[in-house]
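Enquirer: Generate coordinates for the sequence data below:
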Amino acid sequence: MLERFSVQNSLNTDQDSYPSYINIDIYDRMTTYYSKNLLLFGVSETGDKVVIKFPSFTDGAEHESEGLYQCYVASIPVPKPLALVQNTDGKTGFVSLFIPGERIIFVDNEEYYIKFGSVVRKMHDEVNITGDHWKKSGRSDFSFYQKHIDSWKTLYNEGILESPKAHQLLQHLADPIAVCFGNAKPSFVHYDLHDHQSIITPSKELYIIDFERWREEHPLNDIAIYLSHSLRTDRPYSLFVEFVNGYLNHSRLSEKEKETISFYLLFAGFMSIEYYRKYRPKEILYTIAQLSKITEHINDETIWKLL
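Expert: Sure thing, here's the model as predicted:
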C-alpha cells in the first residue's frame with residue numbers, strides 16, 4: 001500500500017448502498033503523458049476498485065466530476081462518481097469507480113464502434129444542460145469562433161504556416177454556418193472523443209471516460225473531434241463510418257451536417273496549433289502536419305463519399 005485516503009462520499013447518488021465515508025488504500029499511480037494528470041488506483045474498504053484523479057489544471061476536479069455526475073444521472077455508461085478529495089498539498093481530486101476492460105482501440109470488432117456512436121448520441125440528447133455557458137462564451141452567436149478565426153490570420157504572416165489556404169478554407173466554411181448559427185441547439189459535449197476514451201468491459205458493456213474537457217457545444221463538434229483524432233492516428237475510415245452509423249442509427253449525414261463537421265474539424269486543427277504554439281512550441285511541426293492532413297481530407301471529401 002502506497003498511502004490511504006479517507007474521503008466523504010459527497011457525489012454518490014445511492015447514499016443507502018454506499019458508506020458516507022470511504023477509506024481507500026492506494027496500490028498504484030501514474031501521470032498521464034499529454035495532460036499531466038495524476039491518477040491513483042486504489043481499493044475501498046468495501047472492496048471496490050476506484051480511481052482518484054487529480055487534474056493538472058485549476059478547478060479541473062470540480063469541472064470533470066460535475067460532467068461525470070450529469071452523465072451518470074442521465075444513465076449514460078460512465079464510471080460512477082463518488083467523491084471529491086484533497087491531498088496533503090491541498091490539491092482537489094475526485095474519486096470514481098474503476099472500469100475494468102480494454103480500450104476500444106484494442107478490440108477488433110466494428111460492432112462496438114456502432115455502439116460507441118449510439119452512446120455518444122444518447123449523451124448529446126439526454127444529458128441536461130442549462131445553455132448558460134453556450135451563451136456566455138459567445139458560441140451561440142458565433143463570435144467565439146470568429147474571434148479565433150480572425151486571430152489565426154497571423155499564423156501565415158508569422159511564418160508558422162507556409163500558405164494561407166487552410167485559413168481561407170476555414171473562413172469559407174464559417175461564413176454560411178455563422179448566418180444560421182443562432183438557431184443551433186447546444187448539447188453536453190465530451191470534447192475529446194477518441195478510441196482511448198471508450199472501454200469495453202469483460203461483460204461486453206461500453207463505457208465512456210475522461211470528461212475533463214466537457215462543455216456546452218454544438219453536438220457535431222464531438223463528431224469532428226473524433227474524426228480529427230482518427231485522422232491523426234491513421235485509423236481505418238471504416239471505423240469512423242460505423243461510429244457515425246451508430247450515432248445516426250444508420251441514417252445519412254446531410255450536406256449541411258457534413259459542412260458543419262468539416263468546419264469544426266478544421267477549427268480543431270487550428271486550435272491545436274494555437275495550443276502547441278503557446279505550450280509546446282518544440283512539437284509544433286507535428287500539429288502543422290496534422291492541419292495539412294485535415295485540409296487534404298476536407299478538399300478530397302474521401303470519407304464523405306462513404307457516408
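Enquirer: was I right about residue 99 contacting residue 200?
Expert: No: Residue 99 is beyond contact range of residue 200, at 9.7 Å (criterion: C-beta atoms under 8 Å). From N, CA and C alone the C-beta is placed, and that goes for glycine too.
Enquirer: which helices and strands does the longest strand belonging to the chain pack with?
Expert: Ordering each strand of the chain by length in residues (DSSP state E) puts strand 21-31 first. Judged by 3 or more C-beta pairs under 8 Å, 6 or more residues apart in numbering; DSSP states H and E, the packing partners of strand 21-31 are strand 3-8, strand 38-44, strand 49-54.
Enquirer: any idea how far residue 252 is from residue 25?
Expert: Applying C-beta to C-beta, to the nearest Å, the value for residue 252 to residue 25 is 51 Å.
Enquirer: Looking at these two, which one has more neighbours?
Expert: Neighbour count, other C-beta atoms under 10 Å: between residue 252 and residue 25, residue 25 has more, with 14 against 11.
Enquirer: On the three-state scheme, the one residue sitting closest to the centre of the chain is what?
Expert: Centrality entry for the chain: nearest residue to the mean C-alpha point is residue 192, 2.0 Å, by C-alpha atoms, centre = their mean. On the three-state scheme (DSSP: H, G, I helix; E, B strand; the rest coil), residue 192 is labelled coil.
Enquirer: Verify the stated contact: it with residue 226.
Expert: No: between residue 192 and residue 226 there is no contact under C-beta under 8 Å: 9.2 Å.
Enquirer: give the contact list for residue 71.
Expert: Residue 71 sits next to 78, 123, 127, 188, 208, 211 when contact means C-beta atoms under 8 Å, 6 or more residues apart in numbering.
Enquirer: can you rerun that using 10 Å?
Expert: Residue 71 makes contact with 77-79, 81, 122-123, 126-128, 188, 190, 208, 211, 214, according to C-beta atoms under 10 Å, 6 or more residues apart in numbering.
Enquirer: Please identify the helix or strand for it.
Expert: helix 60-73 (DSSP states H and E).
Enquirer: next helix or strand past that helix?
Expert: strand 81-86.
Enquirer: Now do whichever helix or strand comes after that next one: which elements does it pack against?
Expert: Next helix or strand after strand 81-86 toward the C-terminus (DSSP H and E): strand 92-97. With contacts taken as 3 or more C-beta pairs under 10 Å, 6 or more residues apart in numbering; DSSP states H and E, strand 92-97 sits against strand 3-8, strand 38-44, strand 49-54, helix 60-73, strand 81-86.
Enquirer: Looking at the ones you listed, which is nearest to residue 150?
Expert: Nearest to residue 150 among the helices and strands packed on strand 92-97 is helix 60-73; the distance by C-beta to C-beta comes to 27.6 Å.
Enquirer: State the distance from residue 255 to residue 261.
Expert: 11 Å.
Enquirer: what does residue 283 give?
Expert: 26 Å.
Enquirer: for residue 245, same thing?
Expert: 15 Å.
Enquirer: what does residue 268 give?
Expert: In terms of C-beta to C-beta, residue 268 sits 10 Å off from residue 261.
Enquirer: Could you tell me which residues touch both of these two?
Expert: 221, 224, 225, 227.
Enquirer: hang on, the last one packs against residue 193?
Expert: Which is residue 227. Yes: between residue 227 and residue 193 there is a contact under C-beta atoms under 10 Å: 9.3 Å.
Enquirer: what residues are shared contacts of the two?
Expert: With C-beta under 10 Å, 6+ apart as the test, residue 227 and residue 193 both reach residue 243.
Enquirer: So between residue 245 and residue 261, which is more surrounded?
Expert: The neighbour comparison of residue 245 against residue 261 (other C-beta under 10 Å) goes to residue 261, with 26 against 18.
Enquirer: need the contact list for the closest residue to the more buried one other than its chain neighbours.
Expert: Nearest non-adjacent residue to residue 261, counting by C-beta to C-beta, 6 or more residues apart in numbering: residue 224, 4.8 Å away. Residues in contact with residue 224 (C-beta under 10 Å, 6+ apart) are 193, 218, 260-269, 294.
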